[in-house]
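Q: A structural model of the following input is requested.
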Amino acid sequence: MTARTRAELATAERIVVKVGSSSISGESSWRIPMIVHALASAHGRGCEIVLVSSGAIATGIPFLDLDARPTDLATQQAAAAVGQNILVYRYQEAMRPFKVVAGQVLLTTGDLENSMSRSNARRAMERLLGLRILPIVNENDTVATQEIRFGDNDRLAALVAQLIQADALVLLSDIEALYTKPPTEPDAEPIELIAADADLAGLEFGATVVNSVGTGGAATKVSAARLAAASGIGVLVTSADLVADALNGRDIGTWFEPAETAAV
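A: Have a look, this model is predicted:
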């Protein structure tokens, strides 16, 4: 049943959780066991958890002896191929003490735009969840081209939540909540609730206003959250460090109220 409030995350039956590269790669890789502990706790109470995790390219970079993120597509794809393998290994090792098994699912935009591929993806995800496997989803950066990429995993997470009809979506960020202005400004205020019919034009999130074109950060989270909420899926945006509190329904972050009637 759809989580209508953040408190209902504690009893939701199916939740998609998304975490970004900056939270789990490089010097931040220490968060993986912490995040897994929270996911395993929810999994242990019977919740079906799907993790959408960025970080393949960022994880692969040091193993290719690169000093910085590559700018050419071929090297990005190579870094993703190496990094995805290591990333899933790290997640599985963290899950081992909880006796939770991970399953890797890599998607492209074509997989969700083509009706047959979309049906296949849904069937595979449903079967994994039915077997009590925890799917780890990422964009298939090894084969995706610049023209057919999702662009950010916030949007991918919203589409996956729609695909499997999740009860809620949790978008983990670097900050505890969304703010009325960039949080570095002194008059910025945290936003606790965004109603399903709220007009966000003119509000700023991070360095980008909502109605402009954003390529990452808070603006993409707002866009993805509105996409999922319009489909009747409640969305929480909060810090990766608060993932356990989020899944236990604590009063944290910014809650996007789900629409009563899902948009077509």
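Q: those strands in the stretch 1-150 of the chain, which residues are they?
A: 14-19, 48-53, 102-107, 134-139 (DSSP state E, counting those that start in this stretch).
Q: Paired strands for the first one, with orientation please.
A: To tie it back to what came earlier, the one meant is strand 14-19. Strand partners for strand 14-19, identified by DSSP bridges, are recorded as strand 48-53 (parallel), strand 168-173 (parallel).
Q: Out of those strands, which is the most enclosed?
A: Of all the strands paired with strand 14-19, strand 168-173 has the most neighbours on average by mean count of other C-beta atoms under 10 Å, namely a mean of 29. C-betas here are computed from N, CA, C, even on glycine.
Q: Give me the contacts around the following helix or strand past that strand.
A: Under the assignment DSSP states H and E, the closest C-terminal helix or strand after strand 168-173 is strand 193-194. With contact meaning C-beta atoms under 8 Å, 6 or more residues apart in numbering, strand 193-194 is reached by 178, 200, 225, 229, 254, 255, 256, 257.
Q: Could I get the pLDDT score of the first one?
A: What that stands for is residue 178. Residue 178 is assigned a predicted lDDT (pLDDT) of 91.
Q: who's in contact with the residue lying closest to it once chain neighbours are set aside?
A: Leaving aside its chain neighbours, residue 178 sits nearest to residue 254 (4.2 Å; criterion: C-beta to C-beta, 6 or more residues apart in numbering). Contacts of residue 254 were listed using C-beta under 8 Å, 6+ apart, and they are 177, 178, 190, 191, 192, 193, 194, 236, 237, 238.
Q: rewinding a little: pipe the strands of the stretch 1-150 of the chain into CSV and attach distance to residue 128 per row.
A: Putting the strands of the stretch 1-150 of the chain into CSV (distance: least, C-beta to C-beta, whole Å) gives the following:
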stretch, distance to residue 128
strand 14-19, 12
strand 48-53, 9
strand 102-107, 5
strand 134-139, 5
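Q: Looking at those strands, which is nearest to residue 247?
A: Among the strands of the stretch 1-150 of the chain, strand 14-19 comes nearest to residue 247, with 7.0 Å by C-beta to C-beta.
Q: which residues in the chain form helices?
A: Residue ranges of the helices in the chain, as given by DSSP state H, are 21-24, 31-44, 56-60, 73-95, 109-113, 115-130, 153-163, 218-230, 243-247.
Q: ok, and what's touching the shortest one?
A: If I follow you right, that is helix 21-24. Everything outside helix 21-24 that qualifies as a contact, by C-beta under 8 Å, 6+ apart, is 28, 31-32, 35, 53-55, 57-58, 87, 172, 174, 240.
Q: where does the stretch 51-200 of the chain dip in pLDDT?
A: Under the criterion pLDDT under 70, the flagged ranges of the stretch 51-200 of the chain are 144-151.
Q: Run a quick neighbour tally on the closest residue to residue 247 other than its chain neighbours.
A: Spatial nearest neighbour of residue 247, chain neighbours left out: residue 42 (4.6 Å); criterion: C-beta to C-beta, 6+ apart. Counted with other C-beta atoms under 10 Å, the neighbours of residue 42 add up to 23.
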